[in-house]
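Participant: Here is a sequence with its predicted model. Questions after.
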Amino acid sequence: MRQVVIYPGEDGYWIAECLSLPGCISQAKTKQEAVNNIREAIEGYIAVLEEDGLPIPEERFEALVLAV
């Protein structure tokens with residue numbers, strides 16, 4: 001299970017990032033497509049780490065929303 005941050009980019013695309021996997025980022029025209037894309041990106045990222053015998057980073061982020 002991974003936490004993902006999704007937000008609208010300046011170009012009108014949705015950006016999705018998995019912060020516990022450095023560089024694991026994707027984008028799409030719709031929010032749902034971005035979710036699907038980041039899911040595939042996470043699976044691919046972890047598969048490559050496993051193939052290379054590298055450790056898989058643990059989920060270590062906690063989301064917090066602040067009203068300012």
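Facilitator: Perfect, thanks for sending it. Treat the numbers as computed from the prediction; the structure is a model and nothing was measured. Numbers count the residues shown, from 1 in each chain.
Participant: for the chain, what spans make up the strands?
Facilitator: 5-8, 14-17, 25-28 (DSSP state E).
Participant: would you list the ones you listed in CSV and tack on distance to Leu49, mean pLDDT and mean neighbour count?
Facilitator: Bear in mind the C-beta positions are built from the backbone N, C-alpha and C, glycine included. Below are the strands of the chain laid out as CSV (distance: least, CB to CB, whole Å; pLDDT from 0 to 100; neighbours: other CB atoms under 10 Å):
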stretch, distance to Leu49, mean pLDDT, mean neighbour count
strand 5-8, 21, 96, 12
strand 14-17, 17, 98, 20
strand 25-28, 16, 98, 18
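Participant: Which of those sits closest to Glu62?
Facilitator: Across the strands of the chain, Glu62 has its closest neighbour in strand 5-8 (12.0 Å, CB to CB).
Participant: quick one, helices of this protein?
Facilitator: 31-51 (DSSP state H).
Participant: doesn't Pro57 make contact with Ser20?
Facilitator: Yes - contact criterion CB atoms under 8 Å: Ser20 and Pro57 qualify, at 5.5 Å.
Participant: which residues are in contact with both of the two?
Facilitator: Shared contacts of Ser20 and Pro57 (CB atoms under 8 Å, 6 or more residues apart in numbering): none.
Participant: OK, contacts around the residue lying closest to Pro22 once chain neighbours are set aside?
Facilitator: Sequence neighbours aside, Pro57 is the residue nearest to Pro22 in space, at 7.7 Å (criterion: CB to CB, 6 or more residues apart in numbering). By CB under 8 Å, 6+ apart, the residues touching Pro57 are 20-22.
Participant: Need the residue closest to the centroid of this protein.
Facilitator: When CA atoms, centre = their mean is applied to the chain, the residue found nearest the centroid is Cys18 (2.6 Å).
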